[in-house]
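Trainee: Fold the stuff below for me.
(chains A and B, ligands or ions: 2)
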Amino acid sequence: MAIITSIKVFFGETGNIARFTGRFFSTGLKPRFEIRELLSQCYIIGYKSLPLIALTGFIMGLVLTMQLRPSLVDYGVESQLPVMVGIAIVREIGPVITALIFAGKIASSIGAELGSMKVTEQIDAMEVSGTNPFKYLVATRVLATTLMLPVLTVMGDAISLFGAYLGVNIKSVTSFKLFFTQVFHSLSFGDVSPAFLKTFFFGFAVGVIGCYKGYNSSKGTRGVGSSANSAVVLSSVLIFIIDLLAVQLTDLLGLN
Amino acid sequence: MKTEKHFITADEKTETPVIIIDHLYKKFGKNVVLKDFSLTVKKEENVVVLGKSGSGKSVLIKCIIGLLKPDSGRIEVFGKNTPELDHDELDKIRAKIGFLFQGNALYDSMTVRENLEFPLRRHWIDFSQKEVDALVIEALENVNLAHTVDMMPEELSGGMLKRVALARTMILKPDVILYDEPTTGLDPVTAREIDSLILKLQKKYHTSSIIITHDMNCVKNTADRVALLLDGKCYAQGKYEEFEQSADKNIKQFFE
Ligand SMILES: Nc1ncnc2c1ncn2[C@@H]1O[C@H](COP(=O)(O)OP(=O)(O)O)[C@@H](O)[C@H]1O
Ligand SMILES: [Mg+2]
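Mentor: Residues are numbered from 1 along each chain as shown, chains lettered A, B, ... in the order given. Ligands and ions are numbered 1, 2, ... in the order given. As a prediction, this is how the structure comes out:
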């Protein structure tokens, strides 16, 4: 019985999220736009996540390089190290790790913010003040996450590659120019564009789930806490699912 | 004498009421909150709705302002049946109704000024910045808090928050104000200050109001007429003195 209930809950929740997403496209994208709030959300969501993304990206690039080197040395292809890390970072690890860190930071804060606005009736107050809270709060945040995550990913990738460059230089000497020439020569349009495109979907997922969980928060401090928590969990899982779909799709389109 | 245990109101005016609530029903799932609730409010009259916690007082005024949709019954405000209005018409009516939330519902990410400006954002209202500033200051002066204009809500005490919320409620000079437990959670001295503010603003702007409470001091100070919400119905209504002298056990328990 418990299984049946959880299956019901699962499909109920999926339906609700789909409806919430539909509402974003039907009402959230209609004028009048809340430009000021959108810009301020872009600042909060994008700019303020940058230090965290930079730090994790840098460490990841460095560590990845150090971990990969012994295997490449075994095969006698140590000179391919920049190519290997370049492809790994740009195609997969950069976008996914950035998105996961982003989900941890942003989905939880949106979930908690909207959740506490919900339980303290601030959302109702907006409604009676003649401002559509879905447009003002949800549409702006979803757009901001969708637009900012790709930018953060590009920056994260660049910092990661810099970390990798330092990693390469720990045990051998490569010039900055040679390293990046090698990396960029090995990357084709088919490597970069799907990796970049999927980050829009990652960002969208983080925004929608964070807002959905917050907007439907139940009363009390525990309700707000659990919205924040489940927003992170669900958006992280969704990031992997979207990643899986993206790799299948690029495969089908022959972009690999 | 009307039906049930209605007291005769001493001077029943003949002019048309500002709010007419007629045979209102509202349930959540199996939880029937309002069943056959009726009440009218006349111009410049303060009607206090008395009821135990969880009796459906907040549900009642949320139905009036259109935050909740009743299952059946009419709610006429200024001659319009609010549950049937489309979004734009409803917003025009809402601009004439002030709603003071129980927990104030001040936007905690905004300054006092931005909080007060929020109801003025309506797209069909076209104030110049000068007019907006003047309205904000006038509203804050009404509650003696002009000096808090650039503060954040977190910097204010409970009583000040309530007064700022009242200022925001009053900023568009509404004809009707709905107060959700305006004195609950405040110390007695502050609570009496809020009572006298309610009376002062009512005299100044000639508003009609519904005040929800279970604070008998607040009832005594503010009520022109009292209505008791019990089991989803308007169980009794009359003057405060009539309630005070009543032998009905359902009424007496509020005076203990
Ligand atoms: N949005 C809602 N969904 C479900 N039940 C609700 C909702 N709002 C209020 N209720 C229920 O309606 C009843 C009355 O609530 P309320 O009007 O808040 O009481 P009070 O008289 O203390 O203001 C309570 O049993 C509450 O659980
Ligand atoms: Mg209540």
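
Trainee: okay, CA-based contacts and neighbour counts for the rest of this
Mentor: Fine.

Trainee: which residue is nearest the centroid of chain B?
Mentor: The centroid of chain B falls nearest to residue B:178 when counting by CA atoms, centre = their mean (1.6 Å).

Trainee: So which bits of the stretch 51-200 of chain A are right by chain B?
Mentor: Residues of the stretch 51-200 of chain A lying near chain B by CA under 8 Å from any CA of the partner chain: A:117, A:120-122, A:124-131.

Trainee: if we can go back for a sec, using the three-state scheme, assign the residue nearest to the centre of chain B.
Mentor: Three-state assignment for residue B:178 (DSSP: H, G, I helix; E, B strand; the rest coil): strand.

Trainee: Return the per-residue confidence for the residue nearest the centre of chain A.
Mentor: Nearest to the mean C-alpha position of chain A, by CA atoms, centre = their mean, lies residue A:99 at 2.6 Å. At residue A:99, the model reports a pLDDT of 97.

Trainee: ditto for residue A:189
Mentor: We have a pLDDT of 86 for residue A:189.

Trainee: Got phi/psi on it?
Mentor: Per-residue torsions, residue A:189: phi -60, psi -40 (degrees, to the nearest 10).

Trainee: Relative to residue A:65, how far out is it?
Mentor: For residue A:189, the distance to residue A:65 equals 23 Å [CA to CA, to the nearest Å].

Trainee: What segments of the stretch 1-150 of chain B are strands?
Mentor: B:19-28, B:31-41, B:46-50, B:72-77, B:80-81, B:97-100 (DSSP state E, counting those that start in this stretch).

Trainee: Can you say which of those strands is nearest to chain A?
Mentor: strand B:97-100 (7.8 Å; CA to the nearest CA).

Trainee: before we move on, the earlier item: counting neighbours, go ahead and name the busier of residue A:189 and residue A:65.
Mentor: For residue A:189 versus residue A:65, neighbours defined as other CA atoms under 10 Å in any protein chain shown are more numerous around residue A:65 (25 against 10).

Trainee: Run through the chain and note the low-pLDDT ranges.
Mentor: Since no chain was named, I'll use chain A. Along chain A, segments meeting pLDDT under 70 span A:256.

Trainee: oops, chain B please
Mentor: Using pLDDT under 70, the flagged stretches of chain B are B:1-14.

Trainee: Up against chain A, what does it have?
Mentor: B:65, B:67, B:91, B:94-95, B:99, B:101, B:103, B:105-107, B:118-122.

Trainee: so who does residue 199 touch?
Mentor: I went with chain A, as the question did not name one. Each residue near residue A:199 by CA atoms under 8 Å, 6 or more residues apart in numbering or on different chains is listed here: A:95, A:99, A:146, A:149-150, A:153.

Trainee: hmm, I had chain B in mind actually
Mentor: Residue B:199 neighbours (CA under 8 Å, 6+ apart): residue B:222.

Trainee: same thing but 10 Å
Mentor: B:46, B:193, B:206-207, B:221-223 (CA atoms under 10 Å, 6 or more residues apart in numbering or on different chains).

Trainee: Count residues in the vicinity of residue 174, would you?
Mentor: Defaulting to chain A. When neighbours are counted by other CA under 10 Å, residue A:174 registers 16.

Trainee: wait, chain B
Mentor: If you count neighbours by other CA under 10 Å, residue B:174 ends up with 19.

Trainee: That one: helix or strand, and which one exactly?
Mentor: In the assignment (DSSP states H and E), residue B:174 maps to no helix and no strand.

Trainee: Next, the residue nearest to it when sequence neighbours are not counted: phi, psi?
Mentor: Excluding its sequence neighbours, the residue lying closest to residue B:174 (CA to CA, 6 or more residues apart in numbering or on different chains) is residue B:96, at 4.3 Å. Main-chain torsions, residue B:96, degrees, to the nearest 10: phi -100, psi 0.

Trainee: Quick check: residues of the stretch 1-150 of chain A near ligand 1?
Mentor: Nowhere does the stretch 1-150 of chain A come near ligand 1, counting by CA under 6 Å from any ligand atom.

Trainee: Helices along the stretch 1-150 of chain A, start to end?
Mentor: A:2-23, A:35-45, A:50-75, A:81-87, A:94-102, A:108-119, A:122-128, A:133, A:140-171 (DSSP state H, counting those that start in this stretch).
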